[in-house]
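Novice: fold the following for me, if possible:
(chains A and B)
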Amino acid sequence: MNLPDIQLEAIGPLWMEAAVVLVTLAVFGYSVYATRHQTPKVRVLVGVLRFLLLGLGLLLLHHPTLTRSTTAPQEKRLAVVVDRSGSMGADNDEGISRYEKAYETVARIPEDVQFDVFELDQSLSEPLGRQTRPRKLSGNKTDFHTSFSRLFSEYGDYTSVLLLSDGHDLGRLSQMSSEDTGRWLERLGAPPVNTVLIGSKLSGPEVAIHSIDAPGFSFVRAPLRIRATVIVRNLDKHETQVQLLQDDKVINIKDLVLDDQGFGTVEFEIYPEQQGEHLYSVYVPPHHLESNTENNRQQVLIDIGRDKINVLHIAGSITWDLHGLRDMFERHPLVDLTAFYIMRTRTHLQQGVDNRMIPHDEMALVPFPTEEIFDRQLFGFDVVFFHDFDAGTYFSDSYQARRLNRKIKEFVTEHRGGFVVVGGPRTAGGPSLGLTPLADILPLVPPIHRLAYDEQLYEGQLTDKGLKHPILRAYDPEFQVYSGAMQSLTVGKGADILIQDENNKPLLAVGEPGNGRVLFLNTSSSWKWRRDALAGGKTGDAYYDFWDQAIKWVIQDPALNQVRITATKTTADPLSVDMDVLLRDKSYNPAKSKDTQIIVTPLDGKSDPATLALSTDLKGAAQVRYTADRPGYYRIELAEEPWKTLSRANTVFLGGSQDELRNLDLVPETLQRLSTLSSARFAASADDFRPESLAWGKVQEKTIVETQRLKLRNWIWCLPLMILIVAIEWAVRRSSHLA
Amino acid sequence: MERRTFLATLPGLFAAPSLLADKQSSRFQYCMLKVGQQWSQRTRALIKLSFEVQKRCNIPIESRYATTALKDVARVNSPFLLLAGRGAVPAPTPEEAGLLRIVLGGGGVMLIDDHSPKGDDAFYKSAVAFMKKVYPEQPVPAIIPPDHAVYQSYYLLKKPRGRLNKKDYLEGWNMGKRTNVFYSHNDLLGAMEADQLGNWTHNMELGGGLRRELCFRLGINLTYYALTINYKKDRAFPPIIERRRRL
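Specialist: Numbers count the residues shown, from 1 in each chain, chains lettered A, B, ... in the order given. Here you go, the predicted structure:
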């Protein structure tokens, strides 16, 4: 038991402190002076009592606190820290994960060693006690610096630390120099950090993906660069190729050129054509003597979004309908427009203007760049508009016409392009699209000869397919009349008519040839929908909504798909995913009260796919949750038709950090540095670990076990004591006839 | 043809033009507003301009012009409106101003052409007051800068011309990036006005044939601007146009 310490607080600034002391002394001096006529005995007694009283008052003004600590000798206690990050999910040689192997090692610590288990990833867990069985991997990234900073500052009574890890660190520690690491450990008063490397040792020839440099987010049809660095060990003049795969399909191959240190870098440039999360794999074929082939593949999940809709708008004549559509494009916040309008035809050129040729530099016209647009830049667009365009007129010969039209067909069927045809007098009277390869993809196919364009009014009627179609959600039959239409069109293969007149003449039709989508509007008078609506006292927004929805539909905006699976993850539970499912049939009718299944497939192939049952409500919606047992990439898809065909499989990463899974090679250097700088032991494998050889820190003889504090102002006997002194002083004065 | 058959079809032949006129054609057509006393003074210029557009441009166009009163402006089939004349024009009623605002906001374009001789600004003042009713937020017109799309929508033009030579700029009322209303000080339509035999009705104040040709070019550019808006400001064109202008 120690004697209590007293702690005082200042009353205020130094001058105030001095003033209070001087006033107290002055009061005491005067009180002594006032008893000058008494006997010395009484004067001394009264003076002492008054001194005690004033002294006690002065003391209480300083908030006195009594502190008494109880101390005891320090115990030898071990903090066992197990890495539970994503990379610890990799398999060991023995068919168990590194994480499980780490706990096998923990179980070997003798009974007489006092220890508590902690787990770390990007932060440190609470102490788990004497835990010897594996729990659940978090899948988060590893951050030794943050975790150990907390361990040393909040749990400072451990005399030794044992770290079991594969050495992967994605935090600050791996970027610190040895000197900085040493200073950091010293500042925190770290005990010896014994380390054990968990994982398989590598030997012999080795070809591995060292790292992948890729953005986490990119855009549709924008260049996406994925750079991979490959390392080759113990192999001279090794030649190989690196592959880039998407959904197990090779989409690009590059030759690998190695430098003197065995490193080689390849860069892939691709143009994603679809929104959503895309899983790309970089793969380098293993050498035939290579024992560890797990590091020959790395994956990266990239979220492909859409910042702009690249529209190519080609118009064959200059009309109010062109004006309306261009005005819509200019107002649309997402549309990046490339437009070419035929402002002067060959006839004007051949005949001259007013029998005179206008000099070239007096006109603002540019020749129509047929090759540039259709041959070189076509696949960079999301949607191509043929607006009353007689395409065949502007190609130099029939060979070029056929080749470039075939390219548009390829753009739609193979590259997920959108194609919109607005039929008008030029489309009808020019070379027929029915003769071109485009006839195979058009939902309305013109005959092979030139047509008349009938300018009479047609009243459109929604077909069954059109009733629920998202393009026509704001359809207003009062204003959406058709002033003119092409005649004798036939419905293309697999196409759906959405609007027709009372004589079944198709006015609006859509089709989904191959991977793309096509829309055919059989009139070039849609601009009147807005004008008539405005004249009728309405806003005219139905016109913009029609074209906005049409563009979204042809570019396959996920929001307009019939079947949608929306996967949502949270940082609180990174191994779980909530799936919102919306089921609608091909005609966009909600699939009410349907029972179906979702399949969640782990892409590492280490376990079987999970099948989750779901049942939709009256709106065709359902929710389902899946929790993975280890971090990794998972494919989510509907199991049954027709939903499987109408939906697109989602790929998600479950777990906190993708970086953890990219490179699973062991990093013993991190652990070696920690143990060396803290004067502890490093074990190169779990088998090399000897509990008896653990390094321990110096045991302190006494450590504070408990501290008691007492504030004198709050002490219950403080006031009675003062009253007692006053009473005695009064009694003395009374007995001496002073009072 | 028998006489009776001919007589039976005769009313139909007379009715045909009116039936054609009622048809909701998708073709471009100029539309003269019946505003003020002098609105019909330059209507033949529109026939001549329509003919030139038909001959030179890829714009399907009606050879006839349309006319309309302000109260019927929302029913105009092709909203390229012209307000022309001299002397003061009456201000529109709030309803008429509202209708005109809707038409212009819905993609229409208006050209105000001033026939007044030098020193007579009654038309200009009344036109500004007229537009103040339509666009109260923009009480005075802005000068159209030389790099505006209207000077390069088809022909490359440096300055606006007309029968007169009062101002070497156009003025206009802008909404966002678009100019909805243009004001020509120089009697643009007067330079294009010709009689039925093709003789020019008015002499040019300055110059002759070339200057009249430049007036037609401005008329055509205004037409193209109405239909293609800022097409020639798209990223493909400015470098080429700049190069040509320097030549």
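
Novice: now A:V21. Nearest residue, chain neighbours left out?
Specialist: A:L58 (7.2 Å; Cβ to Cβ, 6 or more residues apart in numbering or on different chains). All C-beta spots, glycine's among them, are computed from the backbone N, C-alpha and C.

Novice: now do the contacts for that neighbour.
Specialist: A:V20, A:V21, A:T24 (Cβ atoms under 8 Å, 6 or more residues apart in numbering or on different chains).

Novice: how about those in JSON lines, adding neighbour count?
Specialist: Below are those laid out as JSON lines (neighbours: other Cβ atoms under 10 Å in any protein chain shown):
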{"residue": "A:V20", "neighbour count": "16"}
{"residue": "A:V21", "neighbour count": "12"}
{"residue": "A:T24", "neighbour count": "16"}
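
Novice: just the closest of those residues to B:E205, please.
Specialist: Of all the contacts of A:L58, B:E205 sits closest to A:V20, with 101.0 Å by Cβ to Cβ.

Novice: give me the number of residues near the closest residue to chain B within the stretch 601-739 of chain A?
Specialist: Chain B sits closest to A:R648 of the stretch 601-739 of chain A, with a gap of 33.5 Å, by Cβ to the nearest Cβ. Neighbour count of A:R648, defined by other Cβ atoms under 10 Å in any protein chain shown: 18.

Novice: now do A:D578
Specialist: Neighbour tally, A:D578, other Cβ under 10 Å: 14.

Novice: so it touches A:Q623, yeah?
Specialist: Yes. Look at A:D578 against A:Q623 with Cβ atoms under 8 Å: they come within range, at 6.7 Å.

Novice: what's the distance between B:G209 and B:C215?
Specialist: 11 Å (Cβ to Cβ, to the nearest Å).

Novice: likewise for A:L674?
Specialist: From A:L674 to B:C215 the distance is 86 Å (Cβ to Cβ).

Novice: give me the more crowded residue out of B:G209 and B:C215.
Specialist: A direct count of neighbours by other Cβ under 10 Å for B:G209 and B:C215 places B:C215 higher, at 25 against 9.

Novice: list the contacts for that one?
Specialist: B:R161, B:G162, B:R163, B:L188, B:A191, B:M192.

Novice: and A:A613, by the same measure?
Specialist: A:D595, A:T596, A:Q597, A:V624.

Novice: looking at it, the first one is touching A:A622, isn't it?
Specialist: No. Under the criterion of Cβ under 8 Å, A:D595 is not in contact with A:A622, lying 9.5 Å apart.

Novice: okay, those two: which has more neighbours?
Specialist: Shown here are A:D595 and A:A622; by other Cβ under 10 Å, A:A622 has more neighbours (21 against 10).

Novice: bridging residues for that one?
Specialist: A:V581 (DSSP bridges).

Novice: can you give me the pLDDT of it?
Specialist: Among the per-residue scores, A:A622 shows a pLDDT of 89.

Novice: that one and B:M175, how far apart?
Specialist: To B:M175, A:A622 is 48 Å away according to Cβ to Cβ.

Novice: and the residue of chain B nearest chain A?
Specialist: Closest point on chain B to chain A, by Cβ to the nearest Cβ, is B:A74, at 3.8 Å.

Novice: helix or strand: which one has A:F118?
Specialist: strand A:115-120 (DSSP states H and E).

Novice: count the neighbours of B:C57 for me.
Specialist: For B:C57, using other Cβ under 10 Å, the count is 22.

Novice: what's near enough to touch it?
Specialist: A:I318, A:M343, A:R344, A:H348, B:Y154, B:I220, B:T223, B:Y224.

Novice: using PyMOL, define a selection of the buried residues within the residues you listed.
Specialist: Of the contacts of B:C57, the buried ones go into a single PyMOL selection, burial set by 16 or more other Cβ atoms under 10 Å in any protein chain shown:
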select buried, (chain A and resi 318+343+344) or (chain B and resi 154+220+223+224)
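
Novice: B:V109 is in contact with B:L81, isn't it?
Specialist: Yes. At 7.2 Å, B:V109 counts as touching B:L81 under the criterion of Cβ under 8 Å.

Novice: so which bits of stretch A:655-672 are buried?
Specialist: Within stretch A:655-672, judged by 16+ other Cβ under 10 Å, the buried ones are A:655-668, A:670-671.

Novice: return the distance of that stretch from the chain's centre.
Specialist: 20 Å (Cα atoms, centre = their mean, to the nearest Å).

Novice: again, but for stretch A:62-76
Specialist: Distance, centroid of stretch A:62-76 to centroid of chain: 49 Å (Cα atoms, centre = their mean).

Novice: what about the helices in chain B?
Specialist: B:3-22, B:43-56, B:94-105, B:122-134, B:188-192, B:209-228, B:238-246 (DSSP state H).

Novice: which of the ones you listed has the lowest average pLDDT?
Specialist: Per-stretch mean pLDDT for those is lowest at helix B:3-22 (a mean of 48).

Novice: what stretches of chain A score poorly on pLDDT?
Specialist: A:1-2, A:93, A:201-204, A:291-292, A:350-357, A:396, A:662-663, A:702-703, A:705, A:737-739 (pLDDT under 70).

Novice: residue in it nearest to chain B?
Specialist: For chain A, Cβ to the nearest Cβ, closest residue to chain B: A:A535, 3.8 Å.

Novice: dump the longest helix seen in chain A to PDB, keeping only the CA atoms.
Specialist: The longest helix of chain A (DSSP H) is helix A:40-61. Taking Å, rounded to 0.1, in the frame of the first residue of the first chain, the C-alpha atoms of helix A:40-61 are listed here in PDB:
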ATOM      1  CA  PRO A  40       0.900  34.400  24.900                       C
ATOM      2  CA  LYS A  41      -0.700  31.000  25.500                       C
ATOM      3  CA  VAL A  42      -4.100  32.200  24.200                       C
ATOM      4  CA  ARG A  43      -2.500  34.100  21.400                       C
ATOM      5  CA  VAL A  44      -0.600  31.000  20.200                       C
ATOM      6  CA  LEU A  45      -3.700  28.700  20.500                       C
ATOM      7  CA  VAL A  46      -6.000  31.100  18.600                       C
ATOM      8  CA  GLY A  47      -3.300  31.800  16.000                       C
ATOM      9  CA  VAL A  48      -2.800  28.100  15.300                       C
ATOM     10  CA  LEU A  49      -6.600  27.500  15.000                       C
ATOM     11  CA  ARG A  50      -7.000  30.500  12.700                       C
ATOM     12  CA  PHE A  51      -4.000  29.400  10.700                       C
ATOM     13  CA  LEU A  52      -5.500  25.900  10.300                       C
ATOM     14  CA  LEU A  53      -8.800  27.400   9.200                       C
ATOM     15  CA  LEU A  54      -7.300  29.800   6.600                       C
ATOM     16  CA  GLY A  55      -4.900  27.200   5.400                       C
ATOM     17  CA  LEU A  56      -7.800  24.700   4.900                       C
ATOM     18  CA  GLY A  57      -9.800  27.300   3.000                       C
ATOM     19  CA  LEU A  58      -6.800  28.100   0.800                       C
ATOM     20  CA  LEU A  59      -6.300  24.400   0.200                       C
ATOM     21  CA  LEU A  60      -9.900  23.800  -0.800                       C
ATOM     22  CA  LEU A  61      -9.700  26.700  -3.300                       C
END
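
Novice: any idea how far it is from the middle of the chain?
Specialist: 73 Å.

Novice: now the strands for the stretch 201-350 of chain A?
Specialist: With DSSP state E, counting those that start in this stretch as the criterion, the stretch 201-350 of chain A has strands at A:206-213, A:217-219, A:224-233, A:241-246, A:249-255, A:263-270, A:276-283, A:297-305, A:309-315, A:335-341.

Novice: farthest pair within the contacts of B:C57?
Specialist: Taking Cβ to Cβ, no two of the contacts of B:C57 sit farther apart than A:H348 and B:T223, at 14.8 Å.
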